[in-house]
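In: okay, predicted coordinates and the sequence, questions at the end:
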Number of protein chains: 2
Amino acid sequence: MSNANTHSELDLRADGVRITRQRLAILHVLREASDHPRAEDILTRARQQDPSVSQATVYRTLAILEKAGTVQRNEFDGAGARFELADRQHHDHLIDLDTGVVVEFHSPRIEQLQAEIAAELGYDIERHRLELYGRKST
Amino acid sequence: MSNANTHSELDLRADGVRITRQRLAILHVLREASDHPRAEDILTRARQQDPSVSQATVYRTLAILEKAGTVQRNEFDGAGARFELADRQHHDHLIDLDTGVVVEFHSPRIEQLQAEIAAELGYDIERHRLELYGRKST
DNA sequence: AGCGAAATGCAAATGCTTCTCAATCTTGAT
DNA sequence: ATCAAGATTGAGAAGCATTTGCATTTCGCT
């Protein structure tokens, strides 16, 4: 509710993003979600708060929020993209192959190694993508 | 041509994969390619050897070869999937954001760290995906 | 050579995402 | 508060890469 979010409505408005009823509903869904929902899930949940939200608006809003740095889009293996707020620390993902559950993790050492490797190859990294796919060990 | 390939036609036949004219053409394309071609590129090139190859067969064959472990499918950011023979050592990819060129690399240390992280989270890794997106450093 | 199963081409169908366009909102200025 | 100008929206059509249904052809074994 009263969330000291880095990407508040005020921040967004300052970025030239108009605050509409639909966008508030979508932002609300993202703030409540902890499961990296798909566009379709976001649509369903947003409609609970505002039944007028359409599919097109969900996609358009997610694209705008991604550009504004508020949302991160993840394209894991399998079906469509899954979204999350980008306001926390950078992290990578481990996807449970049995349940689809996504676990977040962060490894400065891996990031460090990535930068070293890229440098050896003569490149500067702009971004990366690291996903582990596995199953609970018994 | 005379390629001591791990995934020869003989190996494939032993795996119950029928060797058809079209599949030979597609395999040939993959053996010659060093640029991680897309399905569409593979179709075009395969047709030079056998004009009868269809789009559907390219996709079906790639799926079969992937299942047989002969082909690796890569879904980099942006457009469709890009394919390569899977007969060499496992490797990850660095994608040049300016040219689309794909550079391969391998880091045992990163793999090691990945396994450690997964273990800490209570998981066994089945596969992973590591892609670096960057630009040539000046 | 002959058979049955598997593979193929074509075209239609998918699934996710984006676009078109007329109608409706937001916002900054009055 | 009110207004005008431009941004945003809903609904459905369109896009794109990939997959599938089905009648026909081909492979691989006898």
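Out: Received, thanks.
In: state the distance from the residue sitting furthest away from the middle of chain A to A:K67.
Out: Most distant from the centre of chain A: A:E120, at 30.5 Å, with distances by CA atoms, centre = their mean. Distance from A:E120 to A:K67, counting by CB to CB, to the nearest Å: 32 Å. Any C-beta I mention is one placed from the backbone N, CA and C, and that applies to glycine too.
In: with A:L94 instead?
Out: 27 Å.
In: residue boundaries of the strands in chain A?
Out: Along chain A, counting by DSSP state E, strands occupy A:71-74, A:82-85, A:92-96, A:102-105, A:123-136.
In: turn those into CSV, including mean pLDDT.
Out: Listed next are the strands of chain A as CSV, based on pLDDT from 0 to 100:
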stretch, mean pLDDT
strand A:71-74, 93
strand A:82-85, 94
strand A:92-96, 93
strand A:102-105, 93
strand A:123-136, 94
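In: can you put those strands in JSON lines and add distance to B:L24 and mean neighbour count?
Out: Below are those laid out as JSON lines (distance: least, CB to CB, whole Å; neighbours: other CB atoms under 10 Å in any protein chain shown):
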{"stretch": "strand A:71-74", "distance to B:L24": "38", "mean neighbour count": "17"}
{"stretch": "strand A:82-85", "distance to B:L24": "39", "mean neighbour count": "21"}
{"stretch": "strand A:92-96", "distance to B:L24": "36", "mean neighbour count": "20"}
{"stretch": "strand A:102-105", "distance to B:L24": "41", "mean neighbour count": "16"}
{"stretch": "strand A:123-136", "distance to B:L24": "32", "mean neighbour count": "18"}
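In: any chance of those strands in JSON lines with distance to A:D15 as columns?
Out: Listed next are the strands of chain A as JSON lines, based on distance: least, CB to CB, whole Å:
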{"stretch": "strand A:71-74", "distance to A:D15": "13"}
{"stretch": "strand A:82-85", "distance to A:D15": "15"}
{"stretch": "strand A:92-96", "distance to A:D15": "27"}
{"stretch": "strand A:102-105", "distance to A:D15": "26"}
{"stretch": "strand A:123-136", "distance to A:D15": "20"}
